[in-house]
Each structure stands twice: as structure tokens, then as C-alpha cells.
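S.K.: model the following, please.
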Amino acid sequence: MREDEAMAYVVMNVLTVPDGRGEVLEQRFMNRAGMVENSAGFEHFELLRPVEGTDQYLVYTRWTAKADFEKWQASQAFESGHKGASRPTGDGPAATGSSIWGFEVVTEA
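M.R.: Down below sits the predicted model:
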């Protein structure tokens, strides 16, 4: 990658999921609004279930550039897609905490 080329940007949302709530979280993601896919600069989405070494789920998104992610995060579509995510619903929250990690892609294969 040349120095003047924009680097892809990866965002990991690290979700703390209480025991027994993983299935609820997974179902909610399967039924999500899906608005991110239509966002400028969006490249990829994955929900990663922990198998060993941690009990936290990871939400992986990849963007053409950090600015594209920030534009999505400030959008009405983001707000609409995340409405109520941190508020309990009839069956309660699926995640009790969230941390956002951002990375620039340096090299890939």
C-alpha cells in the first residue's frame, strides 16, 4: 500500500453479554434492520460468537475509510438501527456493556 492511499478502517464493537443472553443477542442481530449495508464506504459486517478465551461478542464492520464509519455513526439510519439497543425491552437487554475499538488496516492477504 502506498503512503498516499487511504487505509481501510475496521471497527470492533466489543459486547459484554450476560450468561444465557447470547442466543437473544444473536437473534436480534439476525433480525436487525440491515441499514448499514447501504451506507457509503461500508464493506463488511460480522457478528462473532466467543468460543474460548473470552465471553464477549464482537461486532466487526469494515469501511473504506474512517470518515465513512463516522458518517454512518452520525446518520439517521444509525440512530434508527440502534434505537432501543441499550434500553431493556420486554425480555431485557441482550448486552450490558459495549466498547468500540477502531483499527486501520495496514496489510492484508
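
S.K.: C-alpha from now on. contacts and neighbour counts both.
M.R.: Noted.

S.K.: which strand or helix spans the closest residue to Met35 other than its chain neighbours?
M.R.: Take Met35 and drop its neighbours on the chain: the residue closest to it by CA to CA, 6 or more residues apart in numbering is Ala77, 6.3 Å away. Taking DSSP states H and E as the criterion, the element that holds Ala77 is helix 76-82.

S.K.: report the buried residues of the helix or strand following that helix.
M.R.: Sequence-wise, the next helix or strand downstream of helix 76-82 (DSSP H and E) is strand 97-104. Neighbour counts using 16 or more other CA atoms under 10 Å place Ser98, Glu104 of strand 97-104 among the buried residues.

S.K.: swap in stretch 65-81?
M.R.: In stretch 65-81, counting by 16+ other CA under 10 Å, buried: Ala65, Lys66, Asp68, Phe69, Trp72, Ala77, Phe78.

S.K.: show me what contacts the closest residue to Val105 other than its chain neighbours?
M.R.: Counting by CA to CA, 6+ apart, the nearest residue to Val105 once its immediate chain neighbours are dropped is Ala8, at 5.3 Å. With contact taken as CA atoms under 8 Å, 6 or more residues apart in numbering, Ala8 is in contact with Arg62, Trp63, Thr64, Ala65, Lys66, Glu104, Val105.
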